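Chemist: Prediction below, plus the sequence it came from.
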Amino acid sequence: MDDRKNTIAGWLLFAGIVALGSTIVAGEVFHTERPEKMGYPIEGVEAEGEDAEAQQPIEFYLASADAAAGANVFKKCQACHTIEQGGANGLGPNLFGTMGVPVAHVPGFAYSEALKGKGGNWDWNAMSEWLANPKKFAPGTKMTFAGLSNPEDRANVMAYLNSKGASPLPVPAAPAAPVASTPGAAADKAASEADDAGAQKAENEPILTEQQAAQSPQGSLRGEGASKVTGPTPTVKNEGGR
């Protein structure tokens, strides 16, 4: 009986050792590193906040916007929207003639209360903010699209929307580019200011004759270029009688 128990215990111990060894080997063989970015990318969803500081005003991107490129980006919207004149509403309203008209303007479409209460017109800035982040623009909206964080995509889509209407909006002027300063500009400006200050100071200094300069105490000689004289004031000899 004892031998049977010892045999069973031995097999259990052996099975435990084999299981432990298998776990260690499997861990080494199938070891994986934590990915740098968690999750899976979803089309149409942009990472929030990326390059936000580097973005220019939307007018900057509208100046070079391409309606044809916008039509390609608009394919992400076709699951919910039509854009041709007379097109039917889907999950979202028909978007023909959207630019420049009041927000929530399509008759009969069941807009969310959040969007109906937004007010205003779909101008360039309002549409840019809406396309960038619908839930931020109108908290509580039924719009499920995450938005377009890329300003070039937004500008292209807006150019495409603007082309699909009876009264397109005029494209706003691009903001003036900042004047780039050269590396030596600051130094040149400082040198110029120093020269002007020196010239002004020189104009304010009195001009002495030779006799006044000879009779003047050493402390009365002014100016940064005047040499310092030490010792007693020199005596001027009259040599006219020689």
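Modeler: The structure has been received and is ready for your questions.

Chemist: buried sites along stretch 89-106?
Modeler: Neighbour counts over stretch 89-106 (16 or more other C-beta atoms under 10 Å) mark 89, 92-100, 103-104, 106 as buried. From N, CA and C alone the C-beta is placed, and that goes for glycine too.

Chemist: measure Gly165 to Lys5 for me?
Modeler: Distance of Gly165 to Lys5, given as C-beta to C-beta, to the nearest Å: 89 Å.

Chemist: Show the model's pLDDT score for Lys118.
Modeler: pLDDT for Lys118: 93.

Chemist: wait, what's in contact with it?
Modeler: Val103, Ala104, Phe137, Ala138 (C-beta atoms under 8 Å, 6 or more residues apart in numbering).

Chemist: just to revisit the earlier point, higher neighbour count, Gly165 and Lys5?
Modeler: Ranked by neighbour count (other C-beta atoms under 10 Å), Gly165 and Lys5 place Gly165 first, with 17 against 9.

Chemist: Among the buried residues of stretch 89-106, find me the one that's closest to Pro57.
Modeler: Met99 (17.8 Å; C-beta to C-beta).

Chemist: What are the phi and psi values at that closest one?
Modeler: phi -70, psi 130 (degrees, to the nearest 10).

Chemist: Next SSE downstream of the longest helix along the chain?
Modeler: Secondary structure of the chain per DSSP state H: the longest helix is helix 2-29. Per DSSP states H and E, the first helix or strand lying C-terminal to helix 2-29 is helix 58-62.

Chemist: Cool, thanks, signing off.
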